[in-house]
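A.B. asks: after the sequence you'll find the predicted model.
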Amino acid sequence: MPPRRVSRACRAALGAALLGTAAVALAPSAVADPRPQSVQLRLAGDEPSLGRADAPLTVVEFTDYQCPYCRRFQIETFPQLKRHYIDTGRVRYIVRDLPLPFHASAQPAAEAAHCAGEQGQFWPMHAALLVRAADLSSSGFERDARRLNLDLKRFDACLASHRYAAVITRNLEEADALGLSGTPSFIIGTAANGVLTGERVAGALPYEEFAALLRGRLGGG
């Protein structure tokens, strides 16, 4: 695998983990940032997304497939978020990669999700990688690919080529530029002319807290 740049944010998270201080807050965070600040993020037309392209709100999640808090958000919060906001046309939801450097399986898992996306199965693979007992080994990826009826030769060739390493590195650099230091982290806001303007939110928030943020931006809807 080609070497990957370790961002300033990821170095900070790794240092905290090694020191044993504030590791939960700086790495896989469970606590929301109390100081929302407006940020801007350029969107790509070909990245994995759910919901209407013209939804009044856009949410970008930066995730790490080995992060227990990302798994908790996926299991406990995301299903209700999808049902009440994405499926109803009020939110467009995008996922980007933020594999933290002390999670050795996070980048290979991100590559597996992108490779499944080549065959139209990004979101099912994304969900499979975030279940509580997910096997983030090469054999685990292969089992998930079989369950999703992927063309295994094509999937394996994609993994072997590491063709999405540059995409993942770009996502890491964007997260660093936004000051995102843990996972899951979110940008919630409005999109216009391919640019998302919104606020940073950190942590695996319970559904009601996350929905309250969305309602506030939707004018209480």
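C.D. replies: Yes, it's here. What you see is a predicted model; the values in this text were computed from it and never measured.
A.B. asks: quick one: buried residues of stretch 96-109?
C.D. replies: Buried residues in stretch 96-109, counted by 16 or more other C-beta atoms under 10 Å: 96-103, 105-109. Placement of C-beta: from N, CA and C, glycine included.
A.B. asks: rounded mean pLDDT for it, please.
C.D. replies: Mean pLDDT, stretch 96-109: 95.
A.B. asks: which residues does the closest residue to residue 155 other than its chain neighbours contact?
C.D. replies: Nearest residue to residue 155 in three dimensions, chain neighbours excluded: residue 145, at 4.8 Å (C-beta to C-beta, 6 or more residues apart in numbering). Residue 145 makes contact with 112, 116, 125, 152, 155, according to C-beta atoms under 8 Å, 6 or more residues apart in numbering.
A.B. asks: and if you look at residue 148?
C.D. replies: 116, 119, 121, 124, 125, 128.
A.B. asks: again with residue 121
C.D. replies: Taking C-beta under 8 Å, 6+ apart, one finds 148, 150 in contact with residue 121.
A.B. asks: next one, pLDDT for it please.
C.D. replies: At residue 121, the pLDDT recorded in the model is 98.
A.B. asks: and it, how far from residue 108?
C.D. replies: Distance, residue 121 to residue 108, using C-beta to C-beta, to the nearest Å: 17 Å.
A.B. asks: now swap in residue 119 and tell me
C.D. replies: From residue 119 across to residue 108, the span is 18 Å (C-beta to C-beta).
A.B. asks: what does residue 74 give?
C.D. replies: From residue 74 to residue 108 the distance is 18 Å (C-beta to C-beta).
A.B. asks: over to residue 164?
C.D. replies: 11 Å.
A.B. asks: what does residue 153 give?
C.D. replies: Counting by C-beta to C-beta, the gap from residue 153 to residue 108 is 18 Å.
A.B. asks: which residues in this structure form helices?
C.D. replies: Secondary structure of the chain, counting by DSSP state H: helices at 8-19, 23-26, 68-72, 78-81, 106-117, 122-129, 138-147, 152-161, 165-177, 207-217.
A.B. asks: residue contacts, residue 142?
C.D. replies: 152, 155, 156.
A.B. asks: low-confidence stretches in this structure?
C.D. replies: In the predicted model, the chain carries pLDDT under 70 at residues 1-37, 220-221.
A.B. asks: how about the nearest residue to the residue minimising distance to the centre of the chain, chain neighbours excluded?
C.D. replies: Closest to where the C-alpha atoms of the chain average out (C-alpha atoms, centre = their mean) is residue 63, at 2.8 Å. Nearest residue to residue 63, sequence neighbours excluded (C-beta to C-beta, 6+ apart): residue 70, at 4.8 Å.
A.B. asks: neighbours of residue 187, how many?
C.D. replies: By other C-beta atoms under 10 Å, 24 other residues sit near residue 187.
A.B. asks: number of nearby residues for the closest residue to it other than its chain neighbours?
C.D. replies: Using C-beta to C-beta, 6+ apart and skipping residues adjacent in sequence, the residue nearest residue 187 is residue 60, 4.5 Å away. As a burial measure, residue 60 scores 25 neighbours (other C-beta under 10 Å).
A.B. asks: okay, and the beta partners of residue 60?
C.D. replies: residue 94, residue 187 (DSSP bridges).
A.B. asks: all set, thanks.
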